[in-house]
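Chemist: sequence and predicted model, in that order:
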Amino acid sequence: MTQISTIRKIHFISIGGSVMHNLAIELHLKGYLITGSDDEIYEPSVSRLAKYELLPAVTGWFPEKITEDLEAVILGMHARQDNPELAKAKELGIKIYSYPEYIFEQSQHKQRVVIAGSHGKTTITSMILHVLKYNNRIFNYLVGAQLEGFDNMVKLSDNAPLIVIEGDEYFTSPLDHTPKFMHYQPHVALISGIAWDHFNVFPTWELYVKQFESLADSLPKAGTIVYDETDDMLDVIGQKERADVVSMAYNVHSNKIENGQTILITAEQGEIPVLVFGDHNMKNISGARAVCERIGVTDEEFYAAIQTFKGASKRMELLGSNDTTSVYRDFAHAPSKVGATTAAVSEQFPDRTLVAVAELHTFSSLNKAFLKQYRRKLDAADVAVVYFNPQTIEHKRLEPLSEEDIRTAFKRDDLKIFTSSEELSAFLKNRKWENANLLLMSSGTFGDIDLQELVEEVVK
């Protein structure tokens, strides 16, 4: 008698993606048989997949991996529509999911919380997860950065009554141009702010805003919309009448700064010292608190936990410090993020010189038509620096940029501009760093600068 296998088999097309490899690892840990392919995989995905023996032996696409015994194929955003593995899955009639569709499939019977917005969503999601874990709640999650105390960026267990999802507005997959966050069908949605980005995906401001309005309009009866009331466009979306939907506005949390330490001021819990700073993070805390209130976390529980929140990886991350100097790295790349992060470090350390370095790395930031969105975003820095790699512009097939284009866009005559990572590194290492801070802002790598070596040089 033939034994029928009960092992659930799933194949990932584009397994190297940030969320994709974390989802693959989570399903592997749940006992699924996982296979995957990709045409290029970078760190940390390589090491993390290898640790669980999920790293493809050879890069490329192999239709023979798509077999009839697969329960499903999960399709990553970076695969093309003509992917040969995708074609084989269609031919065999295998169920094809994007990862947002699969996350929803696994959480249909849970309360679903989605954190959206142009900026702050990773940090707000991380704050909520930190608070829930501190208070020993059982929950599932999907978050866009590695967090201290969490082994993986995705958790899907059968017993959790709640899932907290960081949801973005970008296309779901090559087959589906619906924003990812629409697939999660949230009961509670937070929108942190709307600042036009990803010019290549949303060519107009109106089209970009429409994605968030659609999310708010999709909430079910008894649903909740939580929003930043300081954002003019979001205030309009948040205040719109929706039948039986609760609307909760938030603002900058009351706080004070003493000796470089930010302290929250609360009515019932007194003064609460925290490890994060800046008006944007004070808004993030308020947003996280509002969501926590909706899912049954008391203020006492929230404030007890938030004191120990250190931040998500690469989000205002302290790379090194001494008595007079600190080096921070932030994922900031969009204009609004560059402006908010630079202002935050300047306000937190008013007696220190601030050297702020922004790398232009994304399609939008290197697009001459979009570049003017960075106007005055580095004004809070004492020394403002921009780095870009001309080869990245070539690779993205964009019009070349001159130093004058960048200086004009940022509206700062003393802007220092580098196109060589070696020259940028030398400039930073040769500065005097007493009573000065360094802020590095990018979603890239500054041309693969050795950050550890640079930080050691700055704070030695």
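Modeler: Cool, got the structure. Numbering: from 1, shown residues only.
Chemist: so what's residue 100 up against?
Modeler: Applying CB atoms under 8 Å, 6 or more residues apart in numbering to residue 100 gives the contacts 167, 172, 180, 181, 183, 184. Any C-beta I mention is one placed from the backbone N, CA and C, and that applies to glycine too.
Chemist: helix or strand for the second one, just tell me which one.
Modeler: Which is residue 172. strand 171-173 (DSSP states H and E).
Chemist: just to revisit the earlier point, where's the dip in pLDDT among the contacts of residue 100?
Modeler: Among these, residue 172 has the lowest pLDDT, at 80.
Chemist: how many neighbours does it have?
Modeler: Other residues within reach of residue 172, judged by other CB atoms under 10 Å, total 21.
Chemist: about what we covered before: wait, which of the contacts of residue 100 is closest to residue 212?
Modeler: For the contacts of residue 100, the closest approach to residue 212 (CB to CB) belongs to residue 181, at 8.8 Å.
Chemist: how close does residue 98 sit to residue 108?
Modeler: According to CB to CB, to the nearest Å, residue 98 stands 16 Å off from residue 108.
Chemist: so the two - more neighbours on which side?
Modeler: The residue with more neighbours, out of residue 98 and residue 108, is residue 98; 22 against 8, by other CB under 10 Å.
Chemist: quick one, what contacts that one?
Modeler: Counting by CB under 8 Å, 6+ apart, residue 98 makes contact with 74, 75, 77, 172, 173, 175, 176, 180, 183.
Chemist: ok, back up a step: wait, which of the contacts of residue 100 is closest to residue 313?
Modeler: The closest of these, once distances to residue 313 are taken by CB to CB, is residue 167, at 18.8 Å.
Chemist: what sits against the nearest residue to that closest one once chain neighbours are set aside?
Modeler: Counting by CB to CB, 6 or more residues apart in numbering, residue 181 is the residue found nearest to residue 167 once chain neighbours are left out, at 3.1 Å. The contact partners of residue 181, taken as CB under 8 Å, 6+ apart, are 100, 114, 116, 165, 167, 168, 169, 189, 215.
Chemist: where do the helices of the chain begin and end?
Modeler: All helices of the chain, identified by DSSP state H, fall at 18-29, 45-51, 84-92, 99-106, 121-134, 205-217, 232-239, 279-294, 299-306, 335-348, 390-395, 403-410, 421-429, 451-459.
Chemist: avg pLDDT for the third one?
Modeler: The pLDDT scores in helix 84-92 average 97.
Chemist: packing partners for it?
Modeler: Counting contacts by 3 or more CB pairs under 8 Å, 6 or more residues apart in numbering; DSSP states H and E, helix 84-92 packs against strand 9-13, strand 72-75, strand 96-98.
Chemist: low-confidence bits of the chain, can you list those?
Modeler: 1-5, 197-200, 203 (pLDDT under 70).
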